[in-house]
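**Q** fold the following, please.
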Amino acid sequence: MMKTKAEEKVSILFICLGNICRSSAAHAVMQHLVDERGWGNRYLIDSAGIGGWHVGQLPDKRMRECGRQRGYNVNHHARQFDASRDFDCFDKIVVMDEDNYRNITSQAPNEAARKKVIRMADFFTQHPSATCVPDPYYGGTEDFNFALDLIEDGCEGILKALSNH
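**A** Residues are numbered from 1 along each chain as shown. The predicted structure is shown next:
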């Protein structure tokens, strides 16, 4: 039996360079937000990295700790983006910066797949001048917290946009 659109989950894939800081945090934040609202059955959330350097690893311990302090369980084991599968499996592919956008859209097999790729920054409401979620990897705790501020803002914006459709 075919599922009706109302029974289908909205699937969201978050992308960053290595899937150990930004996209893993966005995965945890969005999962927390949908679960908190009782919408866990409406959404499928995942994350991946462009590169495969960290496949199977837990997120960076600094991001896990900053996330934990805000009530998030940042514990997704890193995986690499798979264009042959992920464009078909996800409704929205959310990238953290312009380099991610160029990389992922260049792998899209067609225009419909390319249109699934969206920028997290396009959904900021509390940080209108920010143009991306900067990679905190080489920074300090304040950089990880700033990335989380932006991710929280963007995830709220994405949920608002999706609930308006």
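**Q** mind showing which ranges of this structure have poor pLDDT?
**A** Low-confidence segments of the chain (pLDDT under 70): 1-7, 165.
**Q** would you mind finding the longest helix in it?
**A** helix 141-163 (DSSP state H).
**Q** check which helices and strands it sits against.
**A** helix 22-36, helix 61-69, strand 92-95 (3 or more Cβ pairs under 8 Å, 6 or more residues apart in numbering; DSSP states H and E). (C-beta placed from N, C-alpha, C; glycine too.)
**Q** check the offset of it from the chain's centre.
**A** Taking Cα atoms, centre = their mean, to the nearest Å, one finds helix 141-163 lying 9 Å from the centre of the chain it belongs to.
**Q** ok, and what's touching it?
**A** Residues from elsewhere that reach helix 141-163, judged by Cβ atoms under 8 Å, 6 or more residues apart in numbering: 10, 12, 21-22, 25-26, 29-30, 33-34, 37, 62-63, 66-67, 70, 92, 94, 118, 120-127, 130, 133-136.
**Q** the nearest residue to residue 73 once chain neighbours are set aside: what's it in contact with?
**A** Leaving aside its chain neighbours, residue 73 sits nearest to residue 28 (5.7 Å; criterion: Cβ to Cβ, 6 or more residues apart in numbering). By Cβ under 8 Å, 6+ apart, the residues touching residue 28 are 67, 72, 73, 74, 75, 76.
**Q** count of residues packed around residue 119?
**A** Number of residues near residue 119 (other Cβ atoms under 10 Å) recorded here: 18.
**Q** residues in contact with it?
**A** 94, 95, 97, 98, 101, 132.
**Q** name the helix or strand for the fifth one, please.
**A** Put plainly, it is residue 101. When elements are assigned from DSSP states H and E, residue 101 belongs to helix 98-106.
**Q** okay, the angle between that helix and helix 22-36?
**A** With axes from the mean of the first three to the mean of the last three Cα atoms, to 10 degrees applied, the angle from helix 98-106 to helix 22-36 works out at 80 degrees.
**Q** how far out from the middle of the chain is helix 98-106?
**A** 14 Å.
**Q** stretch 63-75 too?
**A** Centroid separation for stretch 63-75 versus its chain: 15 Å, with Cα atoms, centre = their mean.
**Q** how about that stretch: buried residues?
**A** Of all the residues in stretch 63-75, those buried under the rule 16 or more other Cβ atoms under 10 Å are 63, 64, 66, 67, 72, 74.
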